[in-house]
Every structure is written in structure tokens, then in C-alpha cells.
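>>> Predicted model follows, preceded by the sequence.
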Amino acid sequence: MKFILFICLLFTPQTIIGQNTSVIKNESTLFELEHPNGKIDFLVIDPAPKSKKPLFLFCQGSLPLPLYFNYKKEGLSLFGGGLTNFNYHDIIKSYHLVVISMPETPVIVDESQLNNSYWYYGDSKDKNIPSIAYQKADYLDNYVDRAIAVLDCLSGKAWVDNSQLVVFGHSQSGHVAAKLAYRYKKISKLGLSGTNIFGRIDQDIRQAKRDVQKGKISWQEASQKIEQAYAFYQNANNPEKLKNNPNLRSWKSFSQPAIDHLLGFNKPIYLVFGTEDIVSELNDLVPLYFIRNQKDNLTIKRYYNQEHNYFEVQHDGRPDYNKPHWNEVMNGFLAWALEPNQTANNN
């Protein structure tokens, strides 16, 4: 009850363009939308959006991470799907920055309801397994449908400049951003970061082979891991297995390649990744598909000797958390997004 009271006191109800909203910490506006697949919460990182600017949709990655953490000592702290990994205030200068809640995940979660990885486990008996409700909602088309509903809602606001619409997705949400761009024709520029364009499942196979090359396991062990990956993916594509294990739904949807969605988007695309990221290891092949289809709307940016979340990698292969580069990554994308015209550039 203490937590509920705290939230009620913190939120300030107001009306914006005929819609009930809430202001959080005088830094963001919370919107609620009703949707056939469940309520959608999303933030505009502005306590009172009035200035007319284009939208910048930042797609969250994976797992039921809340938009705000409520810490016992520090109180409310914005996470926003990873916005706090970089200086998001630079984005706000030119865009209305939007981030959508994960499905079946409260906007604000008390730290007592978070596991050691800081995600919300809900009513799950195991803190390291998401709730069944989340598992059932954790699939590609649901994220895309929810994003379309949010963008349609915001496009009618007087403070939104509809001449531009930028979408950026990191990791799993790169697949969301790619399919969203393919379906939602109002998107003008697309950014993908640390995304396996060829689907999630193959990285387990590549990791097994890499572990052999590094002498960590034998080929016999790798072969067993690879066969296990095949069997798991077979289950993910078995309708009967899907009924009994909702977690497989996510693996099925996010293991589909995104290359056709990218090729079907004819506006500027920015693909960025760390060269030591196993997830993105195959992304150097993506330009071949664009060349084959005579398309020149792809820009690739590599961050050398960096891993999935843009920390530098040490000699032993572990990330050096004292050497982050997320700010550099987002500043590079923002500079590209603000350019009036882009030409393909690979480096």
C-alpha cells in the first residue's frame, strides 16, 4: 500500500489534447492506450510537450524491464529501455523522444519486485523466469502492432511534426524497428544497433563454433550444442509445443531473418554494431544483399573492439566496464539522422 500511495502522490494528472495523461518526476509524460492485446503505456520524455518537433521512437531491447525503477533509497529513477546509457537530452533538442513499455510490465516497478538483472518477474515463482503473461505477449508482431498504435496516437498531436519520423532499435528491438519500418510507411529514417539481422537462433550455433576455435570446448561438445539448438528450434516451430510453452513463441518470431524487411524499406538505414559482438557477427554480410538488389540506402558503422553494449573488450575477451561508448554511438546516429540527405557509407 505504501508503494501505491507513493505513486499516486507523485503523479500529477492533466489533460493534453483531450487525453488523460500523467507527469512523472517533472521529466516525462505518461500516456495510456487501450489495445486489443492489452493496455499500452508509453512515455514522451518531456513533462509538457508543446514545441512542434518530429518523433524519435526508441525501441526497447528484450526482457520485462520497467521504464522507471523505484529504489528504496534513491526513489524513482528513469531507465526508459536503456535511455540512460547515453545522453538522451541531445535527442530531445531536436525530437520528441518516445519509449514504449514492455508488454505486461508496469511502468514503475519497486526494487523489491526486480530480480538481480533488474527486470520484473511479476507473479512468476522463479525470479529468473518472466511471468506467463509476459511470455505470451513477447513476440515480434505484438511489439510492432503496439508501436503502430502509439505512433498513430501521437501523429494527431499538435506538437508533433509529421514531416519526419525516426526509429531506433537496439538488440532484439532492432527486429521490431525493422518490421515496423517495413509496415509503417511514415517512418523516414531507421537505425538498428547490435541486431542479428539473420535471426536469434543462429548465434548459439556460431558461439559453439567460436568456443571450439578458442579452445574452450571440443568439436564433440560443440556438435552436441548445435544439435540441441536444432532440436530447440524444431520445438519453437511445432504448433503443439508452442501451446504448452509460450516462451518458444519469442524464439520463433525473433529467429526470423529481418533482411527482407530492410530491403523493403526504401529510406535511409543506419546499421551500427561492435566488431566483437557475437550477436552482430554476420552483419558485415548485409551490404551484399543491398548491392545484389541495387539499393544504396544502407550506412554501416562499426565500433572496433567493442561488444554488444559498446564496452571495449579486454585481451581476455571480457568487457571493460570503465570504457563505455554508448554516448559516441548515439551521437553518431543522431548526427546522421539530422543530416538532410544520406548516402551509403561503410566503415
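That came in fine, so what should we check first?
>>> Tally up the residues packed near Ala48, please.
13 (other C-beta atoms under 10 Å). Every C-beta, even on glycine, is put in place using the N, C-alpha and C of the backbone.
>>> Which residue, other than its chain neighbours, is closest to Glu27?
Pro47 (5.9 Å; C-beta to C-beta, 6 or more residues apart in numbering).
>>> is it true that Gln203 lies in a helix?
Yes - counting by DSSP: H, G, I helix; E, B strand; the rest coil, Gln203 is located in a helix.
>>> Distance-wise, check the residue nearest to Glu27 relative to Gly156.
20 Å (C-beta to C-beta, to the nearest Å).
>>> of those two, who's got more company?
Pro47 (14 against 11).
>>> In three-state terms, label the more buried one for me.
Going by three-state DSSP: Pro47 is coil.
>>> That one: what's it in contact with?
23, 26-29 (C-beta atoms under 8 Å, 6 or more residues apart in numbering).
>>> who does the helix or strand encompassing Pro54 touch, helix- and strand-wise?
Using DSSP states H and E, Pro54 maps to strand 53-59. Judged by 3 or more C-beta pairs under 8 Å, 6 or more residues apart in numbering; DSSP states H and E, the packing partners of strand 53-59 are strand 96-100, helix 140-155, strand 160-170, helix 173-183.
>>> what's the helix or strand following the first one in contact with?
Spelled out, that is strand 96-100. Tracing the chain past strand 96-100, the next element assigned as helix or strand by DSSP H and E is strand 108-110. The contact list for strand 108-110 (C-beta under 8 Å, 6+ apart) reads 3, 7, 24, 66-70, 76, 120.
>>> low pLDDT regions in this structure?
1-20, 341-347 (pLDDT under 70).
>>> Quick one, which of the contacts of strand 108-110 are buried?
Using 16 or more other C-beta atoms under 10 Å as the burial test, the contacts of strand 108-110 include 7, 24, 66-70, 120 as buried.
>>> Okay, and which of those map to strands?
24, 68-70 (DSSP state E).
>>> Next, give me the two most distant ones among those residues.
The most widely separated members of these are Ile24 and Phe69, with 12.1 Å between them, by C-beta to C-beta.
>>> can you redo the ones in strands among the buried ones among the contacts of strand 108-110 as CSV with distance to Gln314?
Formatted as CSV, these follow (distance: C-beta to C-beta, whole Å):
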residue, distance to Gln314
Ile24, 38
Tyr68, 33
Phe69, 29
Asn70, 34
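>>> which residues of the stretch 151-300 of the chain fall in helices?
Using DSSP state H, counting those that start in this stretch, the helices of the stretch 151-300 of the chain run over 173-183, 202-213, 219-236, 239-244, 247-254, 259-263, 286-292.
>>> a markdown table please, covering these and showing mean neighbour count and distance to Asn322.
A markdown table is the format used below for the helices of the stretch 151-300 of the chain (neighbours: other C-beta atoms under 10 Å; distance: least, C-beta to C-beta, whole Å):
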| stretch | mean neighbour count | distance to Asn322 |
| --- | --- | --- |
| helix 173-183 | 26 | 27 |
| helix 202-213 | 16 | 25 |
| helix 219-236 | 14 | 32 |
| helix 239-244 | 10 | 43 |
| helix 247-254 | 20 | 32 |
| helix 259-263 | 19 | 34 |
| helix 286-292 | 15 | 31 |
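>>> what about those, which gets the closest to Asp138?
helix 247-254 (4.4 Å).
>>> that older thread, okay, the helices of the stretch 151-300 of the chain in TSV with distance to Gly81 next?
Shown next, in TSV, are these (distance: least, C-beta to C-beta, whole Å):
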stretch	distance to Gly81
helix 173-183	8
helix 202-213	21
helix 219-236	25
helix 239-244	27
helix 247-254	16
helix 259-263	21
helix 286-292	24
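>>> Let me know which of those helices is the nearest to Lys136.
Closest among the helices of the stretch 151-300 of the chain, using C-beta to C-beta: helix 247-254, at 7.1 Å.
>>> Run through who's touching the closest one.
Taking C-beta under 8 Å, 6+ apart as the rule, helix 247-254 contacts 135-136, 138-141, 172, 175, 199-201, 232-233, 235-237, 241-242.
>>> got the CA coordinates for it in CSV?
Taking Å, rounded to 0.1, in the frame of the first residue of the first chain, the C-alpha atoms of helix 247-254 are listed here in CSV:
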residue,chain,number,x,y,z
ASN,A,247,8.4,-18.9,-24.2
LEU,A,248,9.0,-20.6,-27.6
ARG,A,249,6.8,-18.0,-29.3
SER,A,250,9.5,-15.4,-28.8
TRP,A,251,12.2,-17.6,-30.2
LYS,A,252,10.2,-18.4,-33.2
SER,A,253,9.3,-14.8,-34.1
PHE,A,254,12.7,-13.3,-33.4
